[in-house]
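Enquirer: just coords:
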């Protein structure tokens, strides 16, 4: 099965996850920044693993554009976000991104893990939102950003590799 990993990364989180995924796939699987020119033979891949950072509850803009243009048989999604990866926000972010994939394209599975938030973005949110807001400067926000700053960690990267392995195994079993 011919695979490729594409990713968009703002702080390096999604790139690290993408590299862990690529390392778990067959040797020689390309791992490319999707904000750079994509290979002309992109349609020839049986499965595209596409990673993004969550922005406003969905994939970042560059990833959204690529997702909408993929007509490969399978697109497995992975993402990083500053919030709890088990939260409704995380689940809904993956669902929104999966909804961008063209009709007829199979999304066999998704993976999401926490990642540090760009400090410039944190400061911008603190200026934009009042302290009473989820994104304002308050003890809860600061604790969430502190927790996120340690991710992706070794377990997240192991889980990402396991995700890639499981997707590939599942697709190979389907035939």
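Expert: Perfect, I can see it now. Note that the coordinates shown come from a computational prediction; the quantities given were computed from them, not determined experimentally.
Enquirer: I'd say residue 165 and residue 23 touch.
Expert: No. Assessed by CB atoms under 8 Å, residue 165 is found out of contact with residue 23, at 10.4 Å. C-beta: built from backbone N, CA, C; applies to glycine.
Enquirer: How many residues are close by residue 1?
Expert: Neighbours of residue 1 under the rule other CB atoms under 10 Å: 12.
Enquirer: Mind splitting the chain into its structural domains?
Expert: Annotated domains of the chain cover 3-115+153-174, 117-150 [automatic domain parsing].
Enquirer: least reliable of those going by mean pLDDT?
Expert: Lowest mean pLDDT within the domains of the chain: domain 117-150, at a mean of 93.
Enquirer: Straight-line length of that domain, end to end?
Expert: 10 Å (CA to CA, to the nearest Å).
Enquirer: Can you point out the buried residues in it?
Expert: For domain 117-150, burial by neighbour count (16 or more other CB atoms under 10 Å) applies to 117, 122, 125-126, 135, 138, 141, 144-145, 148.
Enquirer: how far is it from where the chain is centred?
Expert: The chain centroid and the centroid of domain 117-150 are separated by 21 Å under CA atoms, centre = their mean, to the nearest Å.
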